[in-house]
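**Q** Let's see this in three dimensions:
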Amino acid sequence: MYTQKIHPGANFPDIKATLSSGEQVLLNTTRDGCDWKVVVVYRGKHCPICTKYLNQLESFKQQFLDEGVDLIAVSGDSKSQLDAHLEELNISFPVAYGLTQQDMQTLGLFISEPRSEQETDHNFAEPALFVINSENKVQIAEIANAPFIRPDIELLLNGLKFIRDPDNNYPIRGQLSY
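**A** Model prediction:
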């Protein structure tokens, strides 16, 4: 089976998800005076590696905001799964639920079936991370097929500082692959 990937330089699609408060948000909408966005797709409450990664991301949150980069995490979990997960997370950036399988396919994510009912009750996306620039273009895309592959947060942050510095005139990379 082949999947259609979202390519660097493409417009990030208008995908909605829901915060635990019930507020629907567009994943590509920035807030707090930011003009770029990092969208972290995580597997769901069932994944301890995701919990660890999201908690690590929190420790860099202010540095991202200082750089003008907003954060959001999203999964295909239900509201009850997100609410239970929020009890395990020590984060203050928005986390949304309700990413549909169609949304996952639109983003070109790898999708897995649960191994058992104890894992989760729905198909779920494997981890991905997208950096969306001020023109709503995908600046960076990292799409994994297993929970063990995640971008190093400090390296990502330093890279974004470099990219966002106008003196570096750094283009979107990887656009010749399609």
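**Q** Pick out the residue nearest the middle of this structure.
**A** Relative to the mean C-alpha position of the chain, the nearest C-alpha, by C-alpha atoms, centre = their mean, is the one of Val40, at 1.6 Å.
**Q** could you point out which element follows the helix or strand of the chain with the lowest mean pLDDT?
**A** One helix or strand of the chain scores below all others by mean pLDDT, DSSP states H and E: strand 111-112, with a mean of 88. Using DSSP states H and E, the next helix or strand after strand 111-112 towards the C-terminus is strand 124-125.
**Q** re earlier: helix/strand/coil for the residue nearest to the centre of the chain?
**A** strand (DSSP: H, G, I helix; E, B strand; the rest coil).
**Q** Please verify my assumption that it contacts Asn55.
**A** No. Using C-beta atoms under 8 Å, Val40 is not in contact with Asn55; the gap is 12.0 Å. (Glycine included, C-beta is placed from N, CA and C.)
**Q** Any idea what the closest residue in space to the residue nearest to the centre of the chain that isn't next to it in sequence is bridged to?
**A** Excluding the flanking residues, the one nearest Val40 by C-beta to C-beta, 6 or more residues apart in numbering is Ala73, at 4.4 Å. Ala73 has these beta-bridge partners by DSSP bridges: Val40, Val95.
**Q** pretty sure Ala73 is touching Leu54, no?
**A** Yes. Using C-beta under 8 Å, Ala73 is in contact with Leu54, at 5.7 Å.
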